[in-house]
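> Next comes the sequence, and after it the predicted model I'd like to discuss.
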Amino acid sequence: MNFHAPDIDYAGLSPVLALTVGICVVLLTAVFQPLRRTSPALTLAALATTAGLLIWQWGEATDLVSGALRLDDLAISISLIAILTAAFAVLLSIREPAAEQAGSGEYHALLLGSVLGMVLLAQAQNLISFFIAIETLSIPLYILCATNLRHERSLESGLKYLIIGSLGSATLLYGMAFLYGGSGSTDFAGIAAGIGREGVLGDPLVSVGIALAAVGLAFKASIAPFHQWTPDVYQGAPTPITGFMAVATKAAAFAVFVRFFDVALAPQATEWQPALAVLAAISIVVGNVGALGQSSLKRLLGYSGVAQAGYILGGLVVASEAGVDALVFYLAAYALMNLAAFAVVVARERETPYGDDIRAVRGLGRERPLLAWPLTISMLGLAGLPATVGFIGKLYLIEVLVAGDYTWLAVFIAVGTMISLAYYLRVVAAMWMRPEAESSPAAATPAIAGASPEADPIDPEAGRSLYLVVPALLAAAAVVFFGIVPQPLVEFAEHAGAALF
């Protein structure tokens, strides 16, 4: 009897292997005292190596692990967005109290573990690999949200995220079970073939499975009305982790959203498109209206993320290559705009007693112009004003929606954008048109999110620290550059769309 060894594509698996090795190496720094300070550098090295290996595979379209994973330009582009966001989170976590309290090695190993889940999720084309990847992504984040042990809000954030995340995962798992029962396959291509025989409405198992799976993914992507956890978790989690979650988790969730609906459910697109369009409209309205009354910058960005998820979902609704192009373009734009904003929020949390309250940025234009400009550009970009990448992204989405006969949803994006000006420009006005807030610790009230001088000592030089200023300036510069010269980012997104169609 001859034994035939399985054929393993080590080149295709190299990004996953690099991240796995990186997790082990970074975790070992927690064991050996002399190496503890090296964990941020080793984490950045692991991320850079993974990014290099992904770029090396650019243009490839390879099935891996018996078809459970697929490495193509969609997976690579989303993985690169997640890795960029993680690299920013590592820089913002320098001198972060949460990283010190949890242990630098453990903190950064968990961050890499979540990135590994995101890379796997972007490649998943099988229900089993899909679920394993989403849990690999989520479990480290449950812990990271609660790593600021001296903050009650951080512990509450981790517990809420664990409970709501588990509910979302359970809903997703039930949906997968129904889909398997109705289609007789766990592979996305097999599900498409099974559904194609009887249609979505031909088998109640399939209809219920699609609904439950969509709800589970909506929890992960912060799509209303399944967004309730988002503002509280964003506010309580350490700010570098909030920035990472706001961008990378959304990018990975939408990657599998696209692959699941445009591959597994493609034969019956006309049946699920209207439902997703309604979800997108609800998310746009709820997110923008919810952000209007927020004084916490992290809660404001949380509700903003709910609205932005509605915009991004519009790219999926049209179920076309152009729609996927617009979706990936806007995800990349959203990453740049949010990273600039969260870098400034981190700096102001550390140098003022106001935490993430909007009072922390009052007078910032006069006091710290190098921080004020990135936050200003970020807010203008998120609002979709011209000369920013946010404007190009929304224009791209509106164009594909109109071409796909969803003009009414394009109108929702336009109206939502107008509503969002009220809260984005309020932040800009606080920086440039308000006097500087009283800076003494006594002026801050304990009720303000993050305002706990006893737990987090104030660092008056935080706003001048290069590890905060440089990332903020680079992200803001990219927001303006791609708003004026969008073609490189358009080509980047087009490769992702071409991978599926």
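Noted; the coordinates are in hand. Numbering: from 1, shown residues only.

> burial count for Thr85?
Thr85 has 26 neighbours, counted by other C-beta atoms under 10 Å. Heads up, the C-betas are built off the backbone N, CA and C, glycines and all.

> and it, what does it touch?
243-244, 247-248, 251, 335, 339 (C-beta atoms under 8 Å, 6 or more residues apart in numbering).

> That one: helix or strand, and which one exactly?
helix 73-92 (DSSP states H and E).

> which helices and strands sit right next to the helix or strand following that helix?
Following helix 73-92 in sequence order, the next helix or strand is helix 97-102 (DSSP H and E). Judged by 3 or more C-beta pairs under 8 Å, 6 or more residues apart in numbering; DSSP states H and E, the packing partners of helix 97-102 are helix 104-123, helix 127-145.

> re the thing from before, for Leu127, state which of the contacts of Thr85 is nearest.
Nearest to Leu127 among these, counting by C-beta to C-beta, is Ala251 at 20.8 Å.

> quick one, phi/psi of Asp187?
phi -80, psi 140 (degrees, to the nearest 10).

> tilt between the helix holding Thr85 and helix 104-123?
Interaxial angle of helix 73-92 relative to helix 104-123 (axes from the mean of the first three to the mean of the last three C-alpha atoms, to 10 degrees): 160 degrees.

> where in the chain is pLDDT low?
Counting by pLDDT under 70, the chain shows low-confidence ranges at 1, 3, 5-6, 198-202, 436-464.

> List the contacts of the most centrally placed residue in it.
For the chain, the residue nearest the mean C-alpha position is Val247 (2.4 Å; C-alpha atoms, centre = their mean). Val247 is in contact with 81, 85, 334-335, 338-339, counting by C-beta under 8 Å, 6+ apart.

> Show the end-to-end separation of stretch 231-250, please.
15 Å (C-alpha to C-alpha, to the nearest Å).

> Please apply the same query to stretch 291-303.
Stretch 291-303: ends 5 Å apart by C-alpha to C-alpha.

> what's the answer for stretch 285-300, then?
The first-to-last residue distance of stretch 285-300 comes to 14 Å (C-alpha to C-alpha).

> The nearest residue to Leu382 once chain neighbours are set aside and Val469, how far apart?
Take Leu382 and drop its neighbours on the chain: the residue closest to it by C-beta to C-beta, 6 or more residues apart in numbering is Met337, 5.1 Å away. For Met337, the distance to Val469 (C-beta to C-beta, to the nearest Å) stands at 17 Å.

> out of those two, which sits in the busier spot?
Neighbours were counted for Met337 and for Val469 using other C-beta under 10 Å; Met337 has more, 30 against 19.

> send the alpha carbons of the helix or strand encompassing Leu42 over as CSV?
Secondary structure from DSSP H and E places Leu42 in helix 39-56. The C-alpha trace of helix 39-56 is given here as CSV (Å, rounded to 0.1, in the frame of the first residue of the first chain):
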residue,chain,number,x,y,z
SER,A,39,7.8,42.5,21.5
PRO,A,40,6.6,45.6,19.6
ALA,A,41,9.6,45.5,17.2
LEU,A,42,9.1,41.7,16.7
THR,A,43,5.4,42.2,16.1
LEU,A,44,6.2,44.9,13.4
ALA,A,45,8.7,42.5,11.8
ALA,A,46,6.1,39.7,11.7
LEU,A,47,3.6,42.0,10.1
ALA,A,48,6.1,43.4,7.6
THR,A,49,7.2,39.8,6.6
THR,A,50,3.6,38.8,6.2
ALA,A,51,2.8,41.8,4.1
GLY,A,52,5.9,41.1,1.9
LEU,A,53,4.8,37.5,1.4
LEU,A,54,1.3,38.6,0.4
ILE,A,55,2.6,41.1,-2.1
TRP,A,56,4.8,38.3,-3.5
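
> That one: how far from the chain's middle?
Its chain's C-alpha centre and that of helix 39-56 lie 19 Å apart, by C-alpha atoms, centre = their mean, to the nearest Å.

> Which residues does that helix contact?
With contacts defined as C-beta under 8 Å, 6+ apart, helix 39-56 is touched by 11, 14-15, 18-19, 21-23, 25-26, 29-30, 76, 79-80, 83-84, 86-87, 90, 93-94, 104-105, 107-109, 111-112, 115, 119.

> Got a quick ChimeraX command for the buried subset of those?
This is how ChimeraX selects the buried members of those, with burial counted by 16 or more other C-beta atoms under 10 Å:
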select :14,15,18,19,22,23,25,26,29,30,76,79,80,83,84,86,87,90,93,104,105,107,108,109,111,112,115,119
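
> hang on, the residue nearest to the centre of the chain in a helix?
Yes - counting by DSSP: H, G, I helix; E, B strand; the rest coil, Val247 falls inside a helix.

> do you know how far it is from Pro353?
28 Å.

> try Met418
Met418 is 35 Å from Pro353, where distance means C-beta to C-beta.
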